[in-house]
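[1] Curious how this folds, go ahead:
(2 chains)
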There are 2 protein chains.
Amino acid sequence: MAIRLSARDSDFEARFAALLAQKREVSEDVDQAVASILADVRARGDAAVIEYSKRFDRIDLDAVGMKVSAGEIAAARAQCDAETLGALALARDRIEAHHSRQLPTDESYVDPIGVELGHRWTPLDSVGLYVPGGTAAYPSSVLMNAVPAKVAGVQRLAMVVPAPDGRLAPLVLAAAELAGVDEIFRIGGAQAVGALAYGTETIAPVAKIVGPGNAYVAAAKRRVFGTVGIDMIAGPSEVLIVADGTANPDWIAADLLAQAEHDASAQSILITDDDELASAVEAAVERQLGVLPRKDIAGASWRDHGAVIVVRAIADAAPLADRIAAEHLEIIAEDGDALSKAIRHAGAIFLGGHTPEAIGDYVGGSNHVLPTARTARFASGLGVLDFLKRTSILRCGPEQLRAIGPAAIALGEAEGLQAHARSVAIRMNPGG
Amino acid sequence: MAIRLSARDSDFEARFAALLAQKREVSEDVDQAVASILADVRARGDAAVIEYSKRFDRIDLDAVGMKVSAGEIAAARAQCDAETLGALALARDRIEAHHSRQLPTDESYVDPIGVELGHRWTPLDSVGLYVPGGTAAYPSSVLMNAVPAKVAGVQRLAMVVPAPDGRLAPLVLAAAELAGVDEIFRIGGAQAVGALAYGTETIAPVAKIVGPGNAYVAAAKRRVFGTVGIDMIAGPSEVLIVADGTANPDWIAADLLAQAEHDASAQSILITDDDELASAVEAAVERQLGVLPRKDIAGASWRDHGAVIVVRAIADAAPLADRIAAEHLEIIAEDGDALSKAIRHAGAIFLGGHTPEAIGDYVGGSNHVLPTARTARFASGLGVLDFLKRTSILRCGPEQLRAIGPAAIALGEAEGLQAHARSVAIRMNPGG
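    Here you go, the predicted structure:
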């Protein structure tokens, strides 16, 4: 049973603050181990990657090869059932259509004094996509990371996925093929991050690494940041549902549990102004838990991190939602649009009773890689912009230099950078 | 004297690769010291910040206060000369005008099957701006970091700047006032980064920290990344000039030296197809060095990291420029536009002989916070988007759920996430 908080209680603020401060992740101290793996991969390339894969994944890459062959991919696809492949293709198409609208436009304009300013967007040359192995190998995540990169125009998309005991999930390979992934390597962990960042004999280095991973992968990404770009470091997933008395408690319970089944550190929170709805949802969660294959995980998440918060008026949910800054925010209320507008911090908003978050996970078209752990206060979900970079462009002629050059000279001198000042002055006074 | 490379030489590729691989920064291992400072600030707040400021900056914050008062700012402004203040104001206005054009628009559309998709941009609530103290206290950097944040709509902009021996640069305070900075604290180092990230009794925590700093600041930013957002971690500055025989060698030499005077790790490179220009620039650099107040610094940078590269045809400069991926790229050539289009990786491009990079540093209007150390392969200069985040919005009705729900159910089941599948199914089959 999740905790119940009521805004009517005198200790509400303290308990809400405690909920926010709750640590859901045990931070493993793997930094030293990761640093030495990275240094080793940088120094010894393939040989180091092969050694670590033998040790951690019990796989002999000398025997099977690091790269997954076209034949293996075709064989994997043949193993998948047609309905799932069709669903993946629908998801791919919808993600592609939505993300295509995110392509930014270049700009070039001439300002009132004749200075030409602008910027140009170019895709990254190459991107590495980390895909976890084992039970957390989700084909939908492959699509969500790979499709925006391809929409952006990334020419080379190299995927790494660990193959513990040699096993790879067929659907993950099928999704990679569907998404247009260019290269797949059966490696994982910090050694895979190192291989992508520094390059090895087999793997050319990439410009950026995206995708989720365990504590080793996260620590490795943090360390190679700067050598390559990285995306956000993802924490456990979470949902906040804001609902009034018009909402269906069974549907809300199902959505809370969909979040909770991810892992025991996931978090599901309901905020409502309706005591009856709160109780009905709590009861429905207990009822529905019983039928779930992952009831142990979902039950632990709900018990340890779940919360039902009752506020006086539904509008009071907005400031609380902003403090939670949830990865996923469902709003199911009569005036849902007004509530949505009043909330500033959320990774993604799902509006109305017929938009369960799981739709966004798979086939809505928007991205499911979203900022977790309150980072929606400053970060956005993954999108096409993450695979592009902007080059600014500036052009002055002699007249413009005469107009703004003196100010540049004054600032250069004020900062003690005479060579800066001089590089402008020399053009204004050809004798200088 | 900088090195000279010629594409005609048989060892060109090896020497060019060595130039790219050259380490310009001594990476100090300050990570453990920084970790303990951060933990201490997190645990003890103001008391820890005051202690470290006493130790590192020789300042008694108990006596003078952490926050810089309005009176101090006014007094600082009064100390600045009118010409420099005027130049700062011009810079501020031009930066503001240019960055205002970067404000993105929200989107909302209905797709062919009736799903409503879109996104909304919101500014970060609060941003911390780190400004180095001492000789590297540049008022122009204050503008370049603060103005885009204010254009984005950030309500609270908190600046930290160390005051070694109690001293603050008046122009830095004046620039902060001009840019609309809301709070200024006279603290620096890892302790200032910790105070901004975790908050103290005096300083409310921020959502993101931007701005350059020394090795301690960089390590601290890397460590608090995730708790708050951070910008790129800046390395030594660099310029690449691509010029043909039509360029003025004295102007090029002045620009190479403007870069070199930043610090001894800065890098200035010329690529040209003209042997005579190469020699004339080399001679002009030696000549101009003599008159520079910072000739020791600029001379060391040019000697240790400078390079003049002669290619067969100016078009051959493009692939080399892409490998260098320079922070600043000047193109001074007859067909400069074509060259500019052919180059994919650069932080900023300065076109034509009358656009010295120093114009962009101060008054061009575009941002001078740009990706260094080859990170232009994956990163962009600072802009308004760095102070906004995007929330995606999705809405389905019953019809849309019927259309795409089955695919979501199929994928949820394929991923072993039955509660995901169930949260969709329960709405399609109200009996379930």
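[2] what about residue A:269, which helix or strand?
    Taking DSSP states H and E as the definition, one finds residue A:269 inside strand A:267-272.
[3] That should have said residue A:51, apologies.
    Secondary structure assignment for residue A:51, by DSSP H and E: helix A:46-57.
[4] Give me the average confidence score over that helix.
    Per-residue pLDDT values over helix A:46-57 give a mean of 97.
[5] coming back round to it: quick one: strands adjacent to the strand holding residue A:269?
    When pairs are called by DSSP bridges, strand A:267-272 turns out to pair with strand A:238-243 (parallel), strand A:307-310 (parallel).
[6] So what touches the longest one?
    Just to be clear, that refers to strand A:238-243. In this structure, residues lying in contact with strand A:238-243 by CB atoms under 8 Å, 6 or more residues apart in numbering or on different chains are A:252, A:255-256, A:258-259, A:266-272, A:274, A:277, A:314, A:317, A:321, A:324, A:326-333, A:339, A:343, A:346, A:357, A:372-373. Every residue, glycine included, has its C-beta placed from N, CA and C.
[7] what's the answer for stretch A:31-45, then?
    Residues outside stretch A:31-45 that contact it (CB under 8 Å, 6+ apart): A:48-49, A:52, A:189-191, A:193-195, A:197-201, A:216, A:219-220, A:223-224.
[8] and the gap between residue A:286 and chain B?
    Counting by CB to the nearest CB, to the nearest Å, the separation of residue A:286 from chain B is 14 Å.
[9] Would you enumerate the residues in contact with the nearest residue to that residue once chain neighbours are set aside?
    Nearest non-adjacent residue to residue A:286, counting by CB to CB, 6 or more residues apart in numbering or on different chains: residue A:1, 7.4 Å away. By CB under 8 Å, 6+ apart, the residues touching residue A:1 are A:282, A:286, A:302, A:303.
[10] now those residues: which count as buried?
    Among the contacts of residue A:1, those classed as buried by neighbour count (16 or more other CB atoms under 10 Å in any protein chain shown) are A:282, A:302.
[11] Serialize the contacts of residue A:1 to JSON lines and add fields for pLDDT.
    Shown next, in JSON lines, are the contacts of residue A:1 (pLDDT from 0 to 100):
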{"residue": "A:282", "pLDDT": "98"}
{"residue": "A:286", "pLDDT": "97"}
{"residue": "A:302", "pLDDT": "97"}
{"residue": "A:303", "pLDDT": "97"}
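[12] which one of the contacts of residue A:1 is nearest residue B:233?
    Checking the contacts of residue A:1 against residue B:233 with CB to CB, the nearest one is residue A:302 at 39.5 Å.
[13] Name the spans of chain A whose pLDDT lies under the cut-off.
    Low-confidence segments of chain A (pLDDT under 70): A:26-27, A:135-136, A:430-432.
[14] Can you check which helix is longest in it?
    Looking across chain A with DSSP state H, the single longest helix is helix A:82-100.
[15] just checking, what packs against that one?
    helix A:139-152, helix A:170-179, helix B:398-414 (3 or more CB pairs under 8 Å, 6 or more residues apart in numbering or on different chains; DSSP states H and E).
[16] need the ones you listed in JSON lines with mean neighbour count, can you?
    Below are these laid out as JSON lines (neighbours: other CB atoms under 10 Å in any protein chain shown):
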{"stretch": "helix A:139-152", "mean neighbour count": "26"}
{"stretch": "helix A:170-179", "mean neighbour count": "24"}
{"stretch": "helix B:398-414", "mean neighbour count": "20"}
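[17] so after the strand holding residue A:269, what's the next helix or strand?
    Following strand A:267-272 in sequence order, the next helix or strand is helix A:275-289 (DSSP H and E).
[18] and the angle from that next one to strand A:267-272?
    Here helix A:275-289 runs at 150 degrees with respect to strand A:267-272, directions being taken by axes from the mean of the first three to the mean of the last three CA atoms, to 10 degrees.
[19] And the contacts of the helix holding residue A:51?
    With contact meaning CB under 8 Å, 6+ apart, helix A:46-57 is reached by A:37, A:40-41, A:59-62, A:66, A:133, A:162-165, A:186-192, A:194-195, A:200-202.
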